[in-house]
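*Asks:* Just the structure for this:
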Amino acid sequence: MKYFLGIDNGGTFVKAGLVDENGTFAAVAREPIENQTPKPGFTERDMDALWEQNAKVVKAALKTGGIRPEDIAGVSFSGHGKGLYLVGEDGRPSYPGILSTDTRAWSYVKQWKEDGTAKKVYEKTFQDILACQPVSLLAWLRDHEEGVLERTKYVFSVNDYIRFCLTGTANGEYTNFSGANLVNLQTAAYDRELLEYFGLGMVYDKLPPLKYSADICGAVTEAAAEKTGLKAGTPVMAGMFDVDACGIASGIFDETPMCMIAGTWSINEYITKAPITNGTVSLNSMFCIPGYFLIEESSPTSAGNMQWFIDELLAEKKEALKVEGKSIYDFTNEAVASVEPRDSNVIFLPFLNGSNEDALARGSFVGLTDFHGRAHMLRAVYEGIAFSHLTHVKRLLANREAPEAIRLAGGAANSEVWVQIFADVLQIPIETVSCDEQGIMGAAMAAGIGAGVFESYEAAAGKLVHVSKKVLPRPEYAEVYERKYRMYRKVIGALSGVWEDLNQ
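*Replies:* Residues are numbered from 1 along each chain as shown. From the prediction side, this is the model:
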C-alpha cells in the first residue's frame, strides 16, 4: 500500500496527515501555531519555530500511523494564501512570517485605488489588491523596515518555505502566486511591469521559479529526513493554496459545483476555463488543475470569529466542560438552537480579523439589550458569518447559475446547527463530504498525481471524495433571513464612515 503525506499550514494549526491510495487516513497529527500580534493589525509568526512544528507533526503522524517512511510515495502541501515568508542569502528567514490576517498595509491599497494603480493591475491580474497580499506587504517593508528586502533572496508563500526546508530547493507555486497579484494571468508568468506598478521592480529577481501543484520540486534532504523521520530522497510536490485543496477534496474538478470553506477565512469558489474579467468578483487565480481558473470571493470573516468568542468569552466554560468530558462546540450548538431566528435581532459583524467591506472595519455586536444572553450572541455570530458568506456568494452568482448544492468545508461543516443556518440563509442545499481534513486530502491528491499513482485530479476525486450529508433549506425561513440580512447590510452601511476615525 502506498501512502501520501499532506502537510497543511493554516492560520491557527499546522497538521500532517497520512492518506493511503484508497483515501483512508492512517494518521493525522496537529499542533496549534503561536502567532504574534506585536501591534494592532499585525499578525506574524516565528518561521524557525514554524519549521520545527512542521517537522514535529510529520514525525508524530509517522509514529501514530505506524507507517514505514519507505512506504510514502510523495509529500505535498496545503497552506494559507496571501501573507509573506522571506528567506535570505543564508537560507534563514529574513523577517518574521506574515499571515493573511495582517492588515498593516491597508493604506497602500487605498492609495493604489485612488491613484489608478489598481485599475492598471486589474488589466493584468483580474483581481483586487488586498492588504494581506505579498505586493502590499512588500511595499510596506520597503518603506518601514530598512534592509529587509535587500537581504532577502526568496519571496515565498508558507508552502514554499516549508518545501524549501524539506528539499533545499526554491520554487514558487502557481495557485498561490497567481492569487497574489504577482503573476500576469494572461501570460501565466511573472511580469516586471506589473511589479513596477507597485514600485517593487527590485523584487523581480527574488521570485522563485513557478511550478504546478503536482510537479516534483525536489526530494527530502538528509538533514530534513533526520528531523522529520521521512526517508531521504522521498519526492516532494509543489502543493497548493488551501482554497484549491479544499475545493479539489470536495469534488470540484469541473465548472458545475460551488464550494464554501468556513475556516479562518470565508472562502467561496468555483472554477471556469476562463477568468471573470468584468470586475464583479474580487479574485481570479490559476486552479490546481492546469487550464482552469479559480473564481474566488473571500475575506477573513468566517469561523475564526467564533474561535475568538470561545477563547475570550467562554474560556472558563470550555475548561469546565473539558473536565466533564464534554465539548464546548456541543454547548454552543445547543445554545444557538435554543433561540429561534425570528426571536433575536442582534447583528454581529464578523470583522475581528479584517473585512470584505472595508480594510479598517472591526467586529461589532449591534442591538444588544439586557434581555439578551450568550445564546443570542452566539446565534448572532453563527448568522453573521453566514451573512458574510452570502455577500460573497451573491457576487459569484452574478456570473453563473446557482448550483444544485454547495459543498461546505471547514470548521462550520462539523456543526449540524450551523450547516442548517447556511442552507436557510442561502436557500441552497448544502452538502458536506466525509473527509474532515480537506486541506490534507487535497495535498495528498497532488502527491499521488506527482508520484504517478493517480492519472488526474478527477480520477483521484472519483476514488477519494464521498458526500456524507445533504441539508436542504427550509423555505419558511427564507423571509426571516432576508430581513435579517437586510439589517446586516444596513448596519454595515451606517458604520462605513466610522472605521477610519476609530483607527486614528
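
*Asks:* The stretch 51-200 of the chain: strands as residue ranges?
*Replies:* Ranges of strands within the stretch 51-200 of the chain are 72-79, 85-88, 97-98, 152-156, 172-173, 183-184, 189-190, based on DSSP state E, counting those that start in this stretch.

*Asks:* now swap in the stretch 251-400 of the chain and tell me
*Replies:* 258-262, 266-272, 283-286, 293-299, 347-349, 364-366.

*Asks:* Please enumerate residues in contact with the first one?
*Replies:* This means strand 258-262. Strand 258-262 is contacted from outside by 242-243, 246-247, 250, 252, 266-270, 302-303, 385, 389, 393, 396, 403, 406-413, 418, 422, 438, using Cβ atoms under 8 Å, 6 or more residues apart in numbering. Every C-beta, even on glycine, is put in place using the N, C-alpha and C of the backbone.

*Asks:* Which of these fall in helices?
*Replies:* D242, V243, C246, G247, I385, H389, V393, L396, W418, F422, Q438 (DSSP state H).

*Asks:* Among those, which one has the most neighbours?
*Replies:* D242 (35 neighbours; other Cβ atoms under 10 Å).

*Asks:* That one: what's it in contact with?
*Replies:* Contacts of D242 by Cβ under 8 Å, 6+ apart are D8, G10, S78, G79, H80, G81, I261, G439, G442.

*Asks:* Now, of those, which are buried?
*Replies:* D8, G10, S78, G79, H80, G81, I261, G439, G442 (16 or more other Cβ atoms under 10 Å).

*Asks:* mind listing what T391 touches?
*Replies:* T391 touches N356, R489, counting by Cβ under 8 Å, 6+ apart.

*Asks:* at 6 Å instead, please
*Replies:* If you count contacts by Cβ atoms under 6 Å, 6 or more residues apart in numbering, T391 has none.

*Asks:* So the protein: which segments form each domain?
*Replies:* Here the chain is described, according to automatic domain parsing, as comprising the domains 3-238, 251-436+443-504.

*Asks:* would you turn those into a markdown table with mean pLDDT?
*Replies:* Formatted as a markdown table, the domains of the chain follow (pLDDT from 0 to 100):
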| stretch | mean pLDDT |
| --- | --- |
| domain 3-238 | 96 |
| domain 251-436+443-504 | 92 |
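
*Asks:* quick revisit: list just the nearest of the ones in helices among the contacts of strand 258-262 to D46.
*Replies:* Using Cβ to Cβ, D242 comes nearest to D46 of these, at 20.7 Å.

*Asks:* Would you mind listing the buried residues in stretch 299-312?
*Replies:* Buried, per 16+ other Cβ under 10 Å, within stretch 299-312: S299, P300, T301, S302, A303, G304, N305, M306, Q307, F309, I310.

*Asks:* Stretch 433-450 now?
*Replies:* So for stretch 433-450, counting by 16+ other Cβ under 10 Å, buried means 433, 435-450.

*Asks:* Show me which of the buried ones among the contacts of D242 is closest to P209.
*Replies:* Of those, the one sitting nearest to P209 (Cβ to Cβ) turns out to be G79, at 18.1 Å.

*Asks:* What residues are recorded as beta-bridge partners of the closest one?
*Replies:* N9, F241 (DSSP bridges).

*Asks:* got a list of what it touches?
*Replies:* N9, V158, N159, D242.

*Asks:* hmm, try it at 10 Å
*Replies:* When contacts are counted by Cβ atoms under 10 Å, 6 or more residues apart in numbering, G79 touches 7-11, 14, 85, 100, 157-163, 173, 175-176, 239-242, 245, 439, 443.

*Asks:* Could you pick out the buried ones from these?
*Replies:* Buried among the contacts of G79 by 16+ other Cβ under 10 Å: 7-11, 14, 85, 100, 157-163, 173, 175-176, 239-242, 245, 439, 443.

*Asks:* Pretty sure K470 sits against I428.
*Replies:* No - between K470 and I428 there is no contact under Cβ atoms under 10 Å: 11.1 Å.

*Asks:* List the beta-bridge partners for R30.
*Replies:* Bridge pairing for R30 - DSSP bridges - gives K15.

*Asks:* tell me the contacts of it?
*Replies:* 8, 10, 12-17, 53, 57, 60-61, 437, 440.

*Asks:* The same query, at a cut-off of 7 Å, please.
*Replies:* Listed by Cβ atoms under 7 Å, 6 or more residues apart in numbering, the contact set of R30 reads F13, V14, K15, V57.

*Asks:* The stretch 201-350 of the chain: helices as residue ranges?
*Replies:* Using DSSP state H, counting those that start in this stretch, the helices of the stretch 201-350 of the chain run over 222-228, 242-249, 304-313, 315-323, 328-337.

*Asks:* neighbours of the closest residue in space to E70 that isn't next to it in sequence, just the number please.
*Replies:* Spatial nearest neighbour of E70, chain neighbours left out: K231 (5.3 Å); criterion: Cβ to Cβ, 6 or more residues apart in numbering. Neighbourhood size, K231 [other Cβ under 10 Å]: 14.

*Asks:* cool, Y204 as well?
*Replies:* So Y204, with other Cβ under 10 Å, has 16 neighbours.

*Asks:* And it, how close does it get to Q307?
*Replies:* 38 Å (Cβ to Cβ, to the nearest Å).

*Asks:* residue contacts, the residue minimising distance to the centre of the chain?
*Replies:* The centre of the chain sits closest to H80, judged by Cα atoms, centre = their mean, with a distance of 4.6 Å. Applying Cβ under 7 Å, 6+ apart, we find H80 in contact with N9, G10, G11, L99, S100, V158, D242.

*Asks:* Let's see that with 8 Å instead.
*Replies:* N9, G10, G11, L99, S100, V158, D242, T264, W265.

*Asks:* V87 versus that one, what's the distance?
*Replies:* On the measure of Cβ to Cβ, H80 and V87 end up 17 Å apart.

*Asks:* Then H376?
*Replies:* Taken as Cβ to Cβ, the span from H376 to V87 is 48 Å.

*Asks:* what do you get for Y382?
*Replies:* 40 Å.

*Asks:* Also E455?
*Replies:* 35 Å.

*Asks:* So which of the two has more stuff around it?
*Replies:* The neighbour comparison of E455 against V87 (other Cβ under 10 Å) goes to V87, with 24 against 10.

*Asks:* so what's the more buried one bridging to?
*Replies:* P93, Y154.

*Asks:* which residues touch it?
*Replies:* P93, S94, T152, K153, Y154, F156, Y161, F164, A170.

*Asks:* Who wins on neighbours among those?
*Replies:* Counting neighbours by other Cβ under 10 Å, F156 comes out on top of these with 29 neighbours.

*Asks:* My guess is it contacts L86. True?
*Replies:* Yes - taking contacts as Cβ atoms under 8 Å, F156 lies within contact range of L86: 7.0 Å.

*Asks:* Now do K119: how many residues are near it, please.
*Replies:* Neighbour tally, K119, other Cβ under 10 Å: 12.

*Asks:* Show me how far stretch 171-191 is from its chain's centre.
*Replies:* 17 Å (Cα atoms, centre = their mean, to the nearest Å).

*Asks:* Likewise for stretch 394-401?
*Replies:* Using Cα atoms, centre = their mean, the offset of stretch 394-401 from its chain centre is 21 Å.

*Asks:* got the contact list for that stretch?
*Replies:* Contacts of stretch 394-401 (Cβ under 8 Å, 6+ apart): M258, N268, E269, Y270, I276, N278, T280, V281, S282, I295, E297.

*Asks:* looking at it, the fifth one is touching S282, isn't it?
*Replies:* Read that as I276. No - counting by Cβ under 8 Å, I276 does not reach S282; the two are 10.0 Å apart.
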